[in-house]
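*Asks:* Here's a sequence, model it:
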Amino acid sequence: MRTRRFKWEGASATAAELREWAVAALATVDVGPIEADVRAGGDAAVLRLTQRFDATESAPPSLRVDPDRAAAALARLDPVLREALELVAANIEAVSAAQLGQPQRIELPQGHAVSVRQVPVGAAGIYAPGGRAAYPSSVLMGAIPARVAGVGRIALASPPGADGSLNPAVLAAATLCGVDEIYAMGGAQAIFALAWGTETIQPVDVIAGPGNAWVTEAKRAVYGKVGIDSLAGPSELLLVAGHDTDPDWAALDLCAQAEHGAESPLVAVAVEERVLEAIAAAAEAAAESRPTVQDAQLALVQVPDIEAAVDLANAYAPEHLELLEEDAALLADRVTTAGCVFVGRRGATAFGDYVAGSNHVLPTGGAGRFSGPLGPGAFRRRIANVVITADAAEALAPAAETIARAEGLPVHGESAMIRR
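*Replies:* Numbers count the residues shown, from 1 in each chain. Sure, this is the predicted structure:
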């Protein structure tokens, strides 16, 4: 584990230094050639790229996975794993359903009404990472909010393993949450195939789900052609420790997020030097015996008081924020930018990654300043209905004409005035 200390320079300045440190570990990728290849070559290009990057031993027979294979994977799934996935699915669905907004109708003084309603997009593409590992949890996190939102068609893309097949747990999760189409493809080519379409794949309206740098850059490239949930980068954790924080618990929380890759920035914050030293020592010891986290990067920040720790969190806007402090519930109310806040000593980020019902697709890289967790809102769009009565037209038209003439668009004003 690579540990670095940061001197307290105030919340904004320290957060900026932490961001610069985190970004330095990221790779720069160019997805332009892949986009051009997929748009020109369609299915054949996606299959060729899939074999090049993922299915290196045996190419998939086709991009689309037979639904019967997915149903069979669910039937054969280990009962204990199935029960766990069903628990997760139920919790995600309950949290997602609670987020659906009701239509609003506003009666205005001039006699007219404006109502705003939400409708689901027609089709959603869900990306679940894969290849060397399987992430059935990401299938559930993406597909269930889309289904709760009322999306008519849900297409899942996930990279196959070297043998050209998708992991049975991923297939089972897709069946469990009602995915309509499953495609064995990953990386940038999967995002471009979902956005532009191929001979086999109909394009979608929104693409959501976590991925590596290639996936993120591809989502950036297609934004505008389709909607996206966010530009999610490596997993992040900022942990605020109190005087009674168990250093071994904190160390495992930090190491757990380091399992996502060496690019994942980990930050431990404490008021007391002894607490920070204990966590650092425990984290380094834990990493030594766990090969999956040995390359992790850990930042240590000592702050003057606990309020400064919250100020740092708000300035840094971490994906995950753990408040392992005795007054965690009070501090949580002051947090305004984190993607997900875990409150209290038992609030490990791992619960949110898997079973809590909150979503693990969260804003990273400081994007928590303007976005939040993936939910049904990512798959719905608002439509405004405006009903103008005769009285409202009489009251509003002169103001409309005045503004229209001021903007040099007089016909706008005529259009309004003729209705008086």
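*Asks:* can you list the weak-confidence ranges in the stretch 51-200 of the chain?
*Replies:* 132 (pLDDT under 70).
*Asks:* mind listing the helices in it by residue range?
*Replies:* Here the stretch 51-200 of the chain has its helices, by DSSP state H, counting those that start in this stretch, at 67-76, 79-97, 136-149, 168-176, 187-196.
*Asks:* and of those helices, who's closest to Ala25?
*Replies:* Of all the helices of the stretch 51-200 of the chain, it is helix 187-196 that lies closest to Ala25, at 20.1 Å by CB to CB. All C-beta atoms are positioned from the backbone trio N, CA, C, and that covers glycine.
*Asks:* Name every strand pairing with whichever helix or strand comes after that closest one and say which way it goes.
*Replies:* The helix or strand immediately downstream of helix 187-196 is strand 206-208, counting by DSSP states H and E. Looking at strand 206-208 with DSSP bridges, its partner strands are strand 123-127 (parallel), strand 227-228 (parallel).
*Asks:* now Pro234: how far from Leu77?
*Replies:* 30 Å (CB to CB, to the nearest Å).
*Asks:* just so I have it, where are all the strands in the chain?
*Replies:* 2-6, 104-107, 113-120, 123-127, 153-158, 181-184, 206-208, 227-228, 237-241, 265-270, 297-302, 320-324, 340-343, 380-387 (DSSP state E).
*Asks:* Mean confidence (pLDDT) on the last one, please.
*Replies:* In this model, strand 380-387 has an average pLDDT of 94.
*Asks:* again with the first one
*Replies:* Here strand 2-6 scores 94 as its mean pLDDT.
*Asks:* May I see the buried residues of that strand?
*Replies:* Thr3, Phe6 (16 or more other CB atoms under 10 Å).
*Asks:* How about the spatially most central residue of the chain: what's its closest non-neighbour residue?
*Replies:* By CA atoms, centre = their mean, the mean C-alpha position of the chain lies nearest to Val361, the distance being 2.8 Å. Leaving aside its chain neighbours, Val361 sits nearest to Leu374 (3.7 Å; criterion: CB to CB, 6 or more residues apart in numbering).
*Asks:* Would you confirm that that neighbour contacts Ile228?
*Replies:* No: using CB atoms under 8 Å, Leu374 is not in contact with Ile228, being 10.5 Å away.
*Asks:* Give the residues shared as contacts by those two.
*Replies:* The contact sets of Leu374 and Ile228 overlap at Ala208 (CB atoms under 8 Å, 6 or more residues apart in numbering).
*Asks:* who's more crowded, those two?
*Replies:* Leu374 (27 against 23; other CB atoms under 10 Å).
*Asks:* Tell me how far the more buried one lies from Gly339.
*Replies:* 10 Å.
*Asks:* tell me, what's touching those two both at once?
*Replies:* With CB under 8 Å, 6+ apart, Leu374 and Gly339 have common neighbours Leu362.
*Asks:* what does the domain assignment say about this protein?
*Replies:* 2-26+234-356, 32-100+122-224, 388-417 (automatic domain parsing).
*Asks:* related to what we said a few turns ago, may I have the phi/psi pair for the residue nearest to Val361?
*Replies:* Main-chain torsions, Leu374, degrees, to the nearest 10: phi -60, psi 130.
*Asks:* which residues does it contact?
*Replies:* Met141, Gly142, Pro145, Ala208, Asp229, Ser230, Asn359, Val361, Leu362.
*Asks:* ok, back up a step: quick one: closest of the domains of the chain to Ala113.
*Replies:* Across the domains of the chain, closest to Ala113 is domain 388-417 (CB to CB), at 8.3 Å.
*Asks:* Just the buried residues of the closest one, please?
*Replies:* In domain 388-417, counting by 16+ other CB under 10 Å, buried: Ile388, Ala392, Ala393, Ala395, Leu396, Ala397, Ala400, Glu401, Ala404, Gly413, Ala416.
*Asks:* a markdown table for the domains of the chain, including distance to Arg380?
*Replies:* Formatted as a markdown table, these follow (distance: least, CB to CB, whole Å):
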| stretch | distance to Arg380 |
| --- | --- |
| domain 2-26+234-356 | 20 |
| domain 32-100+122-224 | 5 |
| domain 388-417 | 26 |
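*Asks:* quick one, helices of the stretch 251-400 of the chain?
*Replies:* Under DSSP H, counting those that start in this stretch, the stretch 251-400 of the chain gives helices at 273-288, 306-316, 328-332, 349-354, 390-406.
*Asks:* Quick one: mean pLDDT for the fourth one?
*Replies:* Okay, so that is helix 349-354. 95.
*Asks:* Please identify the buried residues of it?
*Replies:* So, applying 16+ other CB under 10 Å, buried residues of helix 349-354: Thr349, Ala350, Gly352, Asp353, Tyr354.
*Asks:* And the fourth one, how far from Gln99?
*Replies:* Put plainly, it is Asp353. Taking CB to CB, one finds Asp353 at 19 Å from Gln99.
*Asks:* Next: Leu77.
*Replies:* For Leu77 relative to Gln99 (CB to CB), the value is 29 Å.
*Asks:* try Leu409
*Replies:* 39 Å.
*Asks:* same question, Leu312
*Replies:* 29 Å.
*Asks:* Looking at these two, which one has more neighbours?
*Replies:* Leu312 (25 against 15).
*Asks:* need the contact list for that one.
*Replies:* Ala11, Thr14, Ala15, Leu238, Val269, Val301, Val303.
*Asks:* closest to Ser62 among these?
*Replies:* Looking across the contacts of Leu312 and measuring by CB to CB, the closest to Ser62 is Leu238, at 43.6 Å.
*Asks:* Noted, bye for now.
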